[in-house]
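Asks: the following block contains a protein sequence and its predicted model.
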Amino acid sequence: MQTTKPHAALLASPGMGHFIPVLELGKRLVSEHGFNATVFVVTTDTSLSQSQLLKKSHPIPKLLDIVLLPPVDISTLINPTTGILAQLAIMMRQALPSLRQAISAMKFCPTALIVDIFGTEAFAISEELNMLKYVFITSTAWFLALTIHLPTLDAKVVEEEHVRNHEPLMIPGCSSVRFEDTFEPVLDRNNQMYIEYIRMGVQMPTADGILVNTWQDLEPKTLGALGDKRKLGWVAQAPVYAVGPLVRPVKPGSSSDVLGWLDMQPQQSVVYVSFGSGGTLSAKQTTELAWGLELSEQRFIWVVRPPVEDDAAAAIFKTGHRSDNTPDFLPDGFLTRNQKKGLVVPMWAPQTEILSHPSVGGFLSHCGWNSTLESIVNGLPMIAWPLYAEQGMNATMLTEDIGVAVRLKSTPPVVVSREEIETTIRQVMEDKGDAIRARAKTLKSSAEKALSKGGSSYNSLSYVANDCEIRLRYIKTKAEGA
């Protein structure tokens, strides 16, 4: 006997950058489209504790379950040079037996399996169990276009023109990708990251649909190309559904020392500085950023992570403190000089709550897509400081296409000077702030409209829900006929 509600199984790879939007997608399927949903999370020892904390600290609808799959050991399958994208792909592959076992043990087989970009090999399970299969891109439609278009290109042409000669990578109907913004796996076709990325790009169009954490008004040109058979449509065989922005909501009644400090600051006077859970700067760059913040004379909240050694990118400083309790990787006396106008927060801060606070007037960010969407839905202008992955593409889109950010001229691995940091912060908080802020607030309204009933993103998810309901009725009718 079948359940009368569609049931979505959602698979998230390790890391908050994937877990949070997948969880928010599951919550919307339950609360707005009448689904039951189960979110399966592939965990590492670190992400296991993060997932458990998030599960406890945020309200989860009754019809949504979170299942933390056991951590997988990939130590024998990687080496010190294995990139993070390849590591995530290997983790997801190794977790497939646990996923299959968990789904098979469910009372009712899910109607659909929705995976993030690293989980496309789980399509084999959906086919075995007669489930619809979808992929959820937790980044931009532009990144999706690159991902599905790259496998159609001659690898030697990409290597010769884009990698060696630094020519832009052309994507039909979309903006080209400049070499300096390129996605890291594209740079070396002999690297396992490239091999895994190409595999994902081949598998994604075989899905019953591709969901993207964006919305129509944010990326109309790219979404148009993805739906145009004369452009990218022949590559994207699966229909593309823009269902965003899906971001973690502000926790009601939140309070902390950080939020208390913000309550005492003037409106739109504070720049929030954070590079996400994976963003770490060198010791020299950390020093320059500290001086840049101080010289800008702006109020700030800075989420600081101990820097990496300049000569060993993976080694974390064993930090000490000076007499005024300033960590030894910050300029001497930094905390004392800035105690009235700045707040230094070690490792983690309640970002969603900070960005929604009326005292915050700008966001210096690595341009991770979750952070970017959190900034946009709060109508905040940004200072774009991309570090890795597709963040360079995001920064270009934010500055040149959308117009909600100012980008630093220097890019890693070049050390950004304190003078450039000071000037750019002042541009956003003073000189250009009003114009960029006005554009950001327009997009905030656009995002709210897209998610509301009858909006573009609401309707896109409704199409997915309708397909699942049709499949459920078919399976039920078939079972009754048997």
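Replies: Sure, I can see it. Numbers count the residues shown, from 1 in each chain.
Asks: after the lowest-mean-pLDDT helix or strand in the chain comes which helix or strand?
Replies: Of the helices and strands making up the chain, the lowest-confidence element is strand 312-316, at a mean of 31, by mean pLDDT, DSSP states H and E. Downstream of strand 312-316, the first helix or strand assigned by DSSP states H and E is helix 334-337.
Asks: next helix or strand past that following helix?
Replies: Counting by DSSP H and E, the element after helix 334-337 in chain order, helix or strand, is strand 342-346.
Asks: okay, now the sheet partners of that following strand, with direction.
Replies: Each strand that pairs with strand 342-346, with its direction, by DSSP bridges: strand 299-304 (parallel).
Asks: CA atoms of the partner strand as CSV?
Replies: As requested, the backbone C-alpha atoms of strand 299-304 are provided in CSV (Å, rounded to 0.1, in the frame of the first residue of the first chain):
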residue,chain,number,x,y,z
ARG,A,299,32.4,50.1,12.7
PHE,A,300,32.9,46.4,12.0
ILE,A,301,32.2,42.8,13.1
TRP,A,302,35.0,40.5,12.0
VAL,A,303,34.7,36.8,12.2
VAL,A,304,38.4,35.8,12.5
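Asks: outside of that strand itself, list whatever touches it.
Replies: The contact list for strand 299-304, computed with C-beta atoms under 8 Å, 6 or more residues apart in numbering, reads 258, 261-262, 265, 269-275, 286, 289, 293, 327, 330, 338, 341-349, 351, 354, 360. Yep, even glycine has a C-beta here, placed from its N, CA and C like the rest.
Asks: narrow those to those that are buried.
Replies: Buried members of these, scored by 16 or more other C-beta atoms under 10 Å, are 258, 261-262, 265, 269-275, 286, 289, 293, 327, 330, 338, 341-345, 349, 351, 354, 360.
Asks: which element is the nearest residue to residue 136 once chain neighbours are set aside on?
Replies: Leaving aside its sequence neighbours, residue 136 sits nearest to residue 211 (C-beta to C-beta, 6 or more residues apart in numbering; 4.5 Å). According to DSSP H and E, residue 211 maps onto strand 209-212.
Asks: report all helices and strands that that strand contacts.
Replies: strand 132-137, helix 141-149, strand 240-242, helix 456-481 (3 or more C-beta pairs under 8 Å, 6 or more residues apart in numbering; DSSP states H and E).
Asks: tell me the mean pLDDT for the shortest one?
Replies: To tie it back to what came earlier, the one meant is strand 240-242. When pLDDT is averaged along strand 240-242, the result is 97.
Asks: confirm for me that residue 8 is in contact with residue 29.
Replies: Yes - under the criterion of C-beta atoms under 8 Å, residue 8 lies in contact with residue 29, with a separation of 5.3 Å.
Asks: would you mind measuring from residue 465 to residue 286?
Replies: Relative to residue 286, residue 465 is positioned 47 Å away (criterion: C-beta to C-beta, to the nearest Å).
Asks: what of residue 125?
Replies: For residue 125, the distance to residue 286 (C-beta to C-beta) stands at 44 Å.
Asks: equivalent analysis for residue 344, please.
Replies: Separation of residue 344 from residue 286 (C-beta to C-beta): 11 Å.
Asks: low pLDDT regions in the stretch 251-400 of the chain?
Replies: Segments of the stretch 251-400 of the chain classed as low confidence (criterion: pLDDT under 70) are 309-326.
Asks: three-state assignment of residue 254?
Replies: For residue 254, the reduced secondary structure class is coil; criterion used: DSSP: H, G, I helix; E, B strand; the rest coil.
Asks: which residue, other than its chain neighbours, is closest to it?
Replies: Spatial nearest neighbour of residue 254, excluding adjacent residues (C-beta to C-beta, 6+ apart): residue 353 at 4.6 Å.
Asks: list the contacts for the one you found?
Replies: For residue 353, the contact set (C-beta under 8 Å, 6+ apart) comprises 250, 251, 254, 256, 259.
Asks: buried subset of those?
Replies: Buried by 16+ other C-beta under 10 Å: 250, 259, out of the contacts of residue 353.
Asks: pick the one among the contacts of residue 353 closest to residue 77.
Replies: Nearest to residue 77 among those: residue 251, at 37.7 Å, using C-beta to C-beta.
Asks: domain parsing for the chain?
Replies: Per automatic domain parsing, the domain ranges recorded for the chain read 7-246+452-481, 257-444.
Asks: any residues in contact with both of residue 344 and residue 286?
Replies: Listed as contacting both residue 344 and residue 286 by C-beta under 8 Å, 6+ apart are 304, 330.
Asks: pLDDT weak spots in the stretch 101-250 of the chain?
Replies: Applying pLDDT under 70 to the stretch 101-250 of the chain flags the ranges 233-236.
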